[in-house]
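Asks: would you be able to build a 3D model of this:
(chains A, B, C and D)
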2 protein chains.
Amino acid sequence: MVRAGLTPERVALAGAELADEVGLDQVTMARVARRLGVKDASLYTHVRGLEDLRGRIALLAADEKTLRIAEATAGRSGKDALVAFADAWREYAHEHPGRYAATQISVRIDPELAARAPGPRRAVELTYSMLRGYGLAEPDLTDAVRLLRSTFHGFVALEAAGGFAHARAPQRSWTRALDALHTLLEHWPPSREGESP
Amino acid sequence: MVRAGLTPERVALAGAELADEVGLDQVTMARVARRLGVKDASLYTHVRGLEDLRGRIALLAADEKTLRIAEATAGRSGKDALVAFADAWREYAHEHPGRYAATQISVRIDPELAARAPGPRRAVELTYSMLRGYGLAEPDLTDAVRLLRSTFHGFVALEAAGGFAHARAPQRSWTRALDALHTLLEHWPPSREGESP
DNA sequence: GGTTTAACCTAATGCCCCTAGGCATGTTCC
DNA sequence: GGAACATGCCTAGGGGCATTAGGTTAAACC
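Replies: Take a look at the predicted model:
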């Protein structure tokens, strides 16, 4: 019989595709195996188990999303960069709902594996460099990065969960949110912290 | 043999407790049944199945969270109200991680059941009334509500997922985010929309 | 070509979801 | 009080999934 030629990466990719098609919680070892034309037990050669597979999907998604953001923001600055960054984030979530959902489980990913994936770290770094133009200094910079990431993630998560039932199109609220965040970053309220960061 | 006296509400409550203790994805019919001292098949008298149970946990959590927010914001206005609102939200997520996680699956909840639960709708209404003091008008009001909800949810979701690896305490970033949002609401950028909402 | 490595397999265990059908416990109505 | 009914909880069982153990065979290396 001919071998399927699997690798951990190919298994994770099949899982990611499945996640986008049928939802992350429907990604099972059995289903991934069927998609790859292989028995489920065979997957354990490449992947430690379902948890590990999920972690790999998450890291794959983080890498892809980061790449998209990097391409979108390249050569841009100021509000241009902010909008490009945010739109790339949201579009990735829309195009790959299952993969995106996987990124929310980062807690229990194998640390050794996570250390090799550049995605999550790079995404944070990209946020920092995007904010460079606004002239913030630490610790305000970290606070601003966290605020932006929270808002971007929260928006697409609520959107995906059907949280925007009101008639107004989410796209408009999104655009306005970016306007607002831009204004906010330009007039970042002065810190009243007497302590160290 | 003595009856357990179950109801859909008691089953959902047991599921919610379990979710907080062991994680939402570890909430199984079998485990809930064991906790209630009953065989798993018996639960199907009260709950349609696992999906239905999850939906009921989500609605239970939404109701509880809304109540907490309502109590926290009662009699407050302006930034006081904003901070009380946000803190109540975040504290609920911290105290009840499993319940909170359930609120993120609202898409496929039985619509008939959801219509009877006041929580989700009430939560949005509370956000609107909290913003009353900032003098926004539609459609800016809806946009602001969505921005706030996105940020609150995004922050606690990232926090729960271990997304804030940096040394700075999340609490400080949270406080600063609320400062920033308050400032933002006071100086909401003018809409350049020529169209209808 | 023979040996070694590892990719893939079969088999088996145990947990889970869910349905069907039975019995016993409460309730209602005389 | 007792008959008739509704229903809470049960046992039994089918089918799916995750995972492990151990066998086989294709590929890689000498």
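
Asks: what element comes up after the lowest-mean-pLDDT helix or strand in chain A heading to the C-terminus?
Replies: Every helix and strand in chain A was compared by mean pLDDT, DSSP states H and E; the lowest is helix A:111-116, with a mean of 77. Note on helix A:111-116: by DSSP states H and E, the next helix or strand toward the C-terminus is helix A:119-130.

Asks: name the spans of chain A whose pLDDT lies under the cut-off.
Replies: Residues of chain A that meet the criterion pLDDT under 70 lie in A:1-4, A:106-107, A:119, A:192-197.

Asks: please enumerate the strands of it.
Replies: In chain A, no strands are defined using DSSP state E.

Asks: where is the longest helix in it?
Replies: helix A:50-73 (DSSP state H).

Asks: restricting to C-alpha, output that helix in PDB.
Replies: The C-alpha trace of helix A:50-73 is given here as PDB (Å, rounded to 0.1, in the frame of the first residue of the first chain):
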ATOM      1  CA  LEU A  50      -6.100  16.000  19.800                       C
ATOM      2  CA  GLU A  51      -4.800  18.700  22.200                       C
ATOM      3  CA  ASP A  52      -1.600  18.900  20.400                       C
ATOM      4  CA  LEU A  53      -3.300  19.000  17.000                       C
ATOM      5  CA  ARG A  54      -5.400  21.900  18.200                       C
ATOM      6  CA  GLY A  55      -2.300  23.700  19.400                       C
ATOM      7  CA  ARG A  56      -0.700  23.300  16.100                       C
ATOM      8  CA  ILE A  57      -3.800  24.600  14.300                       C
ATOM      9  CA  ALA A  58      -3.600  27.600  16.600                       C
ATOM     10  CA  LEU A  59       0.000  28.300  15.900                       C
ATOM     11  CA  LEU A  60      -0.500  27.800  12.200                       C
ATOM     12  CA  ALA A  61      -3.300  30.300  12.300                       C
ATOM     13  CA  ALA A  62      -1.300  32.800  14.300                       C
ATOM     14  CA  ASP A  63       1.500  32.600  11.800                       C
ATOM     15  CA  GLU A  64      -0.800  33.100   8.800                       C
ATOM     16  CA  LYS A  65      -2.600  36.000  10.500                       C
ATOM     17  CA  THR A  66       0.700  37.600  11.400                       C
ATOM     18  CA  LEU A  67       1.900  37.300   7.800                       C
ATOM     19  CA  ARG A  68      -1.300  38.900   6.500                       C
ATOM     20  CA  ILE A  69      -0.900  41.800   8.800                       C
ATOM     21  CA  ALA A  70       2.800  42.200   8.000                       C
ATOM     22  CA  GLU A  71       2.000  42.400   4.300                       C
ATOM     23  CA  ALA A  72      -0.900  44.700   4.800                       C
ATOM     24  CA  THR A  73       1.000  47.200   6.900                       C
END
